[in-house]
Structure formats: structure tokens, C-alpha cells
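A.B. asks: build the 3D model from these lines:
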Amino acid sequence: MKRGVRVGMDDGAGRSRPLRVLWVTRIFPNRVEPLSCAFQRQQLAALSRRCEVEVLAAIPYHPGVSLLGERTRPGRLTAVPARDEIDGVPVVHPRAPYLPGAGRVLAPVNAPLYLAGLLPHVPRLRGRFDVVLGAWLYPDACAAALLARMLGLPYAVKAHGTDVNVVARWRSVRPLVGSALRSAAFAIGVSRPMVEALVELGAPQERAVLVRNGVDRALFRPGDRRAARIELGLPERGRIVTFVGNVIREKGIHELLGAFEALGREGGEPVHLVVVGDGPERGAVEEAALRRESERERRATGPREERGRIFVAGARPLAEVARHLAATDLLALPSWAEGTPNVVLEALAA
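C.D. replies: Here you go, the predicted structure:
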């Protein structure tokens with residue numbers, strides 16, 4: 001599709017109007033986590049230039065969650081407003097009940113619970129949209145499919161990676177995923193292997209389509225590595241390995257720390273590790289960084305034996321992520337499972 005071209009429909013009186021899209025997902029930034037899911041925010045901004053879009057960005061909820069305060073993510077998310085606007089697009093944050101720690105066996109409970117959180121919005125949504133887009137296979141797209149049927153609308157499913165390669169493979173949820181895919185107007189994958197996986201899971205082949213992720217070349221482009229390091233306060237000397245993503249076990253963060261520790265004992269030019277992102281395992285990264293700094297202080301070593309450092313950058317705006325990729329020698333993404341992650345495409349562009 002050409003830049004700036006709007007997608008339209010006939011309003012019944014012979015006049016064209018923009019396509020009206022209801023986007024349903026939990027994987028979306030909010031006031032508490034404004035830097036999360038940057039790829040969804042970019043895609044929303046691109047889509048909103050061509051269509052009229054409203055987002056139902058569900059917030060996980062269970063009774064008593066407000067009592068948890070800042071100690072848990074659901075507790076922190078109680079501060080998210082019911083309505084908001086992101087990049088000029090209206091965003092509604094329904095509270096979607098869920099069963100904490102459901103695991104594979106009880107996972108099927110979370111799709112109807114998710115839908116229950118959307119039901120109070122049904123009267124307001126009727127007659128206002130042309131299509132529903134469910135982003136993330138389970139439970140989001142499954143709940144979006146049920147919502148679309150209640151609204152009498154077609155729906156499309158957008159898959160990302162782990163939702164296809166891991167979650168949708170669970171026996172407990174696979175029938176629900178298959179049903180949602182079979183009835184979808186389109187099932188969208190970001191790579192050919194993912195499209196093939198969607199067909200395997202139940203999507204009709206003629207309605208399984210490839211829509212590749214894009215990269216913002218205004219941000220991610222080749223630049224001066226030394227200048228980027230100076231700007232970010234990173235060492236000019238030595239090699240830099242950079243991790244960008246959620247700092248969780250499934251992203252292989254502990255494997256990365258172990259590999260970096262082994263690499264650091266080889267001597268020679270220092271190799272530094274930069275971790276860009278946030279998550280429950282950030283504390284482990286910070287502890288590793290402190291151990292490395294303590295060791296550096298104890299050892300009076302020459303430049304040839306200097307060991308690299310660990311830098312914990314935390315979650316950063318997309319423009320700063322681009323600068324980190326410009327500063328690095330190597331992107332490390334040791335995830336247990338991935339689809340076609342945007343950070344790899346962005347690293348190639350940088």
C-alpha cells in the first residue's frame with residue numbers, strides 16, 4: 001500500500017469514508033508502561049493514517065489486585081485510566097479478569113474471562129466499526145473473534161511469534177485458536193513460516209496472508225558508532241554486545257549473562273554488555289553488573305586484561321534504542337522462542 005493512501009468504504013450514499021477498525025489487544029503501551037510494545041504503537045500510528053481506529057487495550061484484573069500496590073504488575077496497572085489517547089488515537093482500557101498462574105491446563109478459562117471484560121462496552125461499540133482486529137492469538141484474538149460475532153462484524157487475526165510458536169501449541173487452547181482462525185476474514189503473519197504455522201493451526205490457506213513488519217528508517221539507519229557511544233556514555237574502547245527486549249527468563253537473559261561471564265575470562269580487548277529493557281529479571285542483571293564492578297575494583301589490571309562491564313539501560317524510548325543499536329557491535333537475542341522480532345530488523349537497518 002502506498003504511503004498516505006487511505007482505505008475507504010462506501011457509506012451507502014455513494015460517498016467514500018475511511019475504514020473503521022476496532023483493535024483488540026493486551027499488548028499495548030499505557031500511562032504506566034508508556035515504553036512497552038513499541039512495535040504495536042508504530043503499527044497503530046501507521047494504520048491510523050489510513051483508517052479510523054479505536055483500541056480496546058485490556059488491562060489484566062483480578063479481585064483484590066489494588067491491594068497489591070506496586071509489588072506486582074497488575075497492581076501497578078490499576079493506575080491506568082479507563083480512557084486515554086495515544087498518538088491521536090482513542091484508547092479504552094477495559095479491565096479484563098484473568099486467572100493468575102493459570103498455566104497450560106487452566107489457560108482456556110482466560111479467553112471467556114477476557115471477553116467478560118469487553119462485554120460492558122458492547123452497546124457503545126455497535127454500529128461504529130467495519131472490522132475487528134485481534135492482535136496476539138491467545139487469548140486476545142480468541143476474545144476478539146467472540147466480540148466480533150456479537151457485533152456482527154468480520155474480524156482479522158494478527159499473530160506475532162510466541163503466540164503462534166508456543167502458546168497456540170498448548171493442547172488446552174489449540175481448539176479455541178483453531179476455531180478463531182477458521183472463521184477469521186484474514187489471519188496475518190509477519191513471516192512465511194508464521195503464515196504456514198497459522199494454516200497448520202486452522203487458518204484457511206487462501207485467507208492466511210503475509211504482512212511483514214516494517215522499520216522506521218528515520219530512526220534506524222547507519223550512524224557514527226563512536227559518536228553514539230559518547231552520546232550514551234558507553235566506553236569508546238572495546239566491543240559492545242547489546243540486548244534489547246523484555247528482561248524475562250524466556251528471552252534467555254540468564255543464558256546471556258552466563259555466556260558473557262565465560263566470554264569475559266578470555267582476556268584481550270574488553271567486551272561490554274548493554275541490556276536495554278525492563279522486566280522481572282532486571283534485578284539479576286543489576287546484580288551481575290554490581291559483581292563485575294566489584295571485581296574490577298579489586299583487580300588492578302592492565303588494559304590487556306581489562307574485563308568488560310555490564311550496563312543496565314532499562315526501558316528506553318524508541319529513538320534512544322536506535323542510538324544503542326548504532327553504538328553496538330553485536331545484537332544478542334537468546335530467546336527461547338521468537339517469530340520475526342522487530343529488533344532484529346531494526347539492528348540490520350542500523
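A.B. asks: what residues are up against the spatially most central residue of the chain?
C.D. replies: For the chain, the residue nearest the mean C-alpha position is Cys37 (3.9 Å; CA atoms, centre = their mean). Shown in contact with Cys37 (CB atoms under 8 Å, 6 or more residues apart in numbering): Ile27, Phe28, Pro29. C-betas here are computed from N, CA, C, even on glycine.
A.B. asks: so which residues make contact with stretch 247-259?
C.D. replies: With CB under 8 Å, 6+ apart, stretch 247-259 has contacts from 162, 243, 245, 273, 275, 277-282, 284-285, 288, 332-337.
A.B. asks: can you give me the buried ones in that stretch?
C.D. replies: Val247, Ile248, Lys251, Gly252, Ile253, Leu256, Leu257 (16 or more other CB atoms under 10 Å).
A.B. asks: for stretch 28-35, same thing?
C.D. replies: Phe28, Pro29, Asn30, Leu35.
A.B. asks: next, the distance between the ends of that stretch.
C.D. replies: 9 Å (CA to CA, to the nearest Å).
A.B. asks: same check on stretch 229-246?
C.D. replies: 22 Å.
A.B. asks: ok, residues contacting that stretch?
C.D. replies: Contacts of stretch 229-246 (CB under 8 Å, 6+ apart): 226, 228, 251, 253, 256, 260, 269-279, 306, 308-309, 311, 313, 320-321, 323-325, 327-335, 341, 343, 347.
A.B. asks: narrow these to those in helices?
C.D. replies: Among the contacts of stretch 229-246, the members found in helices (DSSP state H) are 226, 228, 253, 256, 260, 320-321, 323-325, 327, 343, 347.
A.B. asks: now list the buried members of the contacts of stretch 247-259.
C.D. replies: 162, 243, 245, 273, 275, 277-279, 281-282, 285, 288, 332-335.
A.B. asks: of those, closest to Pro74?
C.D. replies: Gly279 (14.9 Å; CB to CB).
A.B. asks: for the closest one, list the residues it contacts.
C.D. replies: Neighbouring residues of Gly279 by CB under 8 Å, 6+ apart: Asn246, Val247, Ile248, Lys251.
A.B. asks: go again with 7 Å.
C.D. replies: Residues in contact with Gly279 (CB atoms under 7 Å, 6 or more residues apart in numbering) are Asn246, Val247, Ile248.
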